[in-house]
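Asker: Need a 3D model of the sequence below.
(one chain, ligands or ions: 2)
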Amino acid sequence: MKTIDELLTEGVSGKRVFVRADLNVPLSNGEITDDGRIRAVQPTIAKLAEAGARVIVASHLGRPKGAPDPAFSLAPAAARLGELLGADVAFATDTVGASAKETVAALADGQVAVIENLRFNAGETAKDDAERGAFADQLAELADVYVGDGFGAVHRKHASVFDLPARLPHAAGYLIATEVGVLKKLTAEVKRPYVVILGGAKVSDKLAVIDELLGKADRLLIGGGMAYTFLYAKGYEVGISLLQKDQVDVVKEYMARAEKNGVELVLPVDILASKDFPDLKTKAPADFITVDADKIPADQEGLDIGPKTRELYASKIADAETVFWNGPVGVFEHPDYAGGTRAIAQALVDSSAFTVVGGGDSAAAVRTLGFDENAFGHISTGGGASLEYLEGKTLPGLAALEV
Ligand SMILES: Nc1ncnc2c1ncn2[C@@H]1O[C@H](COP(=O)(O)OP(=O)(O)O)[C@@H](O)[C@H]1O
Ligand SMILES: O=C(OP(=O)(O)O)[C@H](O)COP(=O)(O)O
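Answerer: Ligands and ions are numbered 1, 2, ... in the order given. Take a look at the predicted model:
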């Protein structure tokens, strides 16, 4: 993989450099609640700008449906990037249209622009190679050089991640280099016990990685939205909790294989459940009950792990030598459902293990709950990306930079 330093040695002054970042930051009422992903890519952008490049920063935000949607605009991220860089950052209100072309054409050497959300264009995420390729062709017209630094999205075979680097001279940015450097350690010699905690809401994406983890981890602690498919597979009522019904047989097979392989697959024993998803805007007090995991009422949904589970999981983390955690174990954005996630973060901080926290929301949770980032071994900007890397999968966004 060509590094950004090699690119800088060759010279980027006056060149239009396309930086594929992951600026998919959490927003509440239009405000960024955690800017970690913007800070993580800042060194790459700053270095290119200092070297006189005309820097075009591109990213997705959220999961809009291939058409413009103001709720998913990158404008707040562009403004924050400008504050961090201490420079004016131009913003194009489209991705490959007139605004993007004019904004890029107006860039002076050393200036930075952000173009609008890549996923406002159906071509970005298209399954069809030709459709993705056509969008990548349009993106390629904007730039002379490509720098891949959106680690959180390298597991996506998307136009800006996979197809665009094939069309331009390319290099990996500092963030990708750092992330891969740390995660490599977890694929080589892992000190045991190796404990993996999986939670979050992207259940179907993340259930698949358990297949591989059952051959690697010693203990697998399940929380968040992921837990209910397991509890359902055990025959429990899960009410209106997040449930991946089409994966129930897969999950049953995981449970059987865990037992056979001697992997401890640990599920919540108690849950905070409610009839209503909490109001994340007003953060109004939630009306919830604490119940054993097999007693979730049919009209309620599980929103956090309960106190007994927090204690159980902390005890499973206490003697670990290596811990990887992806996915908040509850709806931590609401204070009433942040306790489980806080307990997991505290258990990581208290352990003497090498700890890695991965994922946009997991990293944001750790910071917004007030933990010191330095208390963890590594905070990765990618959840799905780091999980798939640990699985040993070929990640499209890394493979594209290697050729
Ligand atoms: N029990 C639950 N039900 C619904 N959503 C949940 C639950 N537990 C956690 N979540 C949500 O999961 C989201 C994070 O999931 P995900 O994107 O998979 O994590 P990451 O970004 O760290 O990879 C958070 O917004 C959180 O509110
Ligand atoms: O937030 C992200 O991933 P993560 O939740 O696995 O950390 C990345 O920005 C990728 O987003 P996607 O899962 O919508 O492709």
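Asker: Report pLDDT for whatever residue of the stretch 151-300 of the chain ends up closest to ligand 1.
Answerer: Nearest residue of the stretch 151-300 of the chain to ligand 1 (C-beta to the nearest ligand atom) works out as G200 at 2.5 Å. (C-beta placed from N, C-alpha, C; glycine too.) Note on G200: pLDDT of 96.
Asker: do you know how far the residue nearest to it when sequence neighbours are not counted is from K275?
Answerer: Leaving aside its sequence neighbours, G200 sits nearest to G327 (C-beta to C-beta, 6 or more residues apart in numbering; 2.6 Å). Per C-beta to C-beta, to the nearest Å, G327 is found 24 Å from K275.
Asker: Of those two, which one has the most company?
Answerer: It is G327, of G327 and K275, that has more neighbours when counted by other C-beta atoms under 10 Å, with 28 against 13.
Asker: And stretch 155-170, end to end?
Answerer: 18 Å (C-alpha to C-alpha, to the nearest Å).
Asker: now that stretch, how far from the centre of its chain.
Answerer: Chain-centre distance of stretch 155-170: 18 Å, with C-alpha atoms, centre = their mean, to the nearest Å.
Asker: per-residue confidence averaged over that stretch?
Answerer: Here the average pLDDT along stretch 155-170 is 98.
Asker: And stretch 110-119, by the same measure?
Answerer: Mean predicted lDDT for stretch 110-119 stands at 98.
Asker: again, but for stretch 353-367
Answerer: 95.
Asker: quick revisit: and the residue nearest to G200, how far from G340?
Answerer: For G327, the distance to G340 - C-beta to C-beta - is 11 Å.
Asker: Can you pull the residues that touch both of those two?
Answerer: Common contact partners of G327 and G340 (C-beta atoms under 8 Å, 6 or more residues apart in numbering): G223.
Asker: Could you pull out the strands in the stretch 301-403 of the chain for me?
Answerer: With DSSP state E, counting those that start in this stretch as the criterion, the stretch 301-403 of the chain has strands at 301-305, 322-326, 354-358, 378-380.
Asker: What pLDDT is listed against the residue nearest to G200?
Answerer: For G327, pLDDT reads 97.
Asker: can you check V323 too?
Answerer: pLDDT, V323: 96.
Asker: tell me the contacts of it?
Answerer: V323 neighbours (C-beta under 8 Å, 6+ apart): 194-197, 317, 348, 351, 353-356.
Asker: ok, 10 Å please
Answerer: Residues in contact with V323 (C-beta atoms under 10 Å, 6 or more residues apart in numbering) are 193-197, 217, 219, 221, 316-317, 344, 347-348, 351, 353-357, 376-377.
Asker: Just those residues: which are in helices?
Answerer: Under the assignment DSSP state H, the contacts of V323 contribute 316-317, 344, 347-348 to helices.
Asker: Among those, find the one with the greatest number of neighbours, please.
Answerer: Result: I344 is most packed of the ones in helices among the contacts of V323 (other C-beta under 10 Å), 31 neighbours.
Asker: thinking that residue is in contact with F324, fair?
Answerer: No - judged on C-beta atoms under 10 Å, I344 makes no contact with F324 at a distance of 11.9 Å.
Asker: near ligand 2, anything from the helix or strand harbouring K206?
Answerer: In the assignment (DSSP states H and E), K206 maps to helix 203-213. No - Helix 203-213 is not in contact with ligand 2 by C-beta under 6 Å from any ligand atom; minimum separation 6.6 Å.
Asker: If you count neighbours, what's buried in that helix?
Answerer: 203, 206-207, 209-210, 213 (16 or more other C-beta atoms under 10 Å).
Asker: That helix relative to strand 322-326, how many degrees between them?
Answerer: 160 degrees (axes from the mean of the first three to the mean of the last three C-alpha atoms, to 10 degrees).
Asker: Now find how far off-centre helix 203-213 is within its chain.
Answerer: Relative to its parent chain, helix 203-213 has a centroid offset of 15 Å by C-alpha atoms, centre = their mean.
Asker: quick one: average pLDDT of that helix?
Answerer: For helix 203-213, the mean per-residue pLDDT is 90.
Asker: what packs against that helix?
Answerer: strand 194-198, strand 219-222, helix 227-233, helix 248-261, strand 322-326, helix 384-391 (3 or more C-beta pairs under 10 Å, 6 or more residues apart in numbering; DSSP states H and E).
Asker: is the first one anywhere near ligand 1?
Answerer: No - using C-beta under 6 Å from any ligand atom, strand 194-198 never reaches ligand 1; the gap is at least 9.0 Å.
Asker: Repeat that for the third one.
Answerer: No - if you take C-beta under 6 Å from any ligand atom as the test, helix 227-233 misses ligand 1, and the best it gets is 7.0 Å.
Asker: which other helices and strands contact that helix?
Answerer: helix 203-213, strand 219-222, helix 248-261, strand 270-274, strand 301-305.
Asker: okay, those, which one's buried deepest?
Answerer: Across the helices and strands packed on helix 227-233, averaging neighbours per residue (mean count of other C-beta atoms under 10 Å) puts strand 301-305 on top, at a mean of 29.
Asker: what about dumping the CA coordinates of it to CSV?
Answerer: Output in CSV follows, covering the C-alpha atoms of strand 301-305 (Å, rounded to 0.1, in the frame of the first residue of the first chain):
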residue,chain,number,x,y,z
GLU,A,301,-38.7,-3.9,24.1
GLY,A,302,-35.3,-4.4,25.7
LEU,A,303,-33.3,-1.2,25.7
ASP,A,304,-30.3,-2.0,28.0
ILE,A,305,-28.7,-4.8,29.9
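Asker: Once you drop chain neighbours, what's closest to the residue in the chain that ligand 2 sits nearest to?
Answerer: For the chain, the residue closest to ligand 2 is G383, as judged by C-beta to the nearest ligand atom, at 2.9 Å. Excluding the flanking residues, the one nearest G383 by C-beta to C-beta, 6+ apart is G359, at 2.6 Å.
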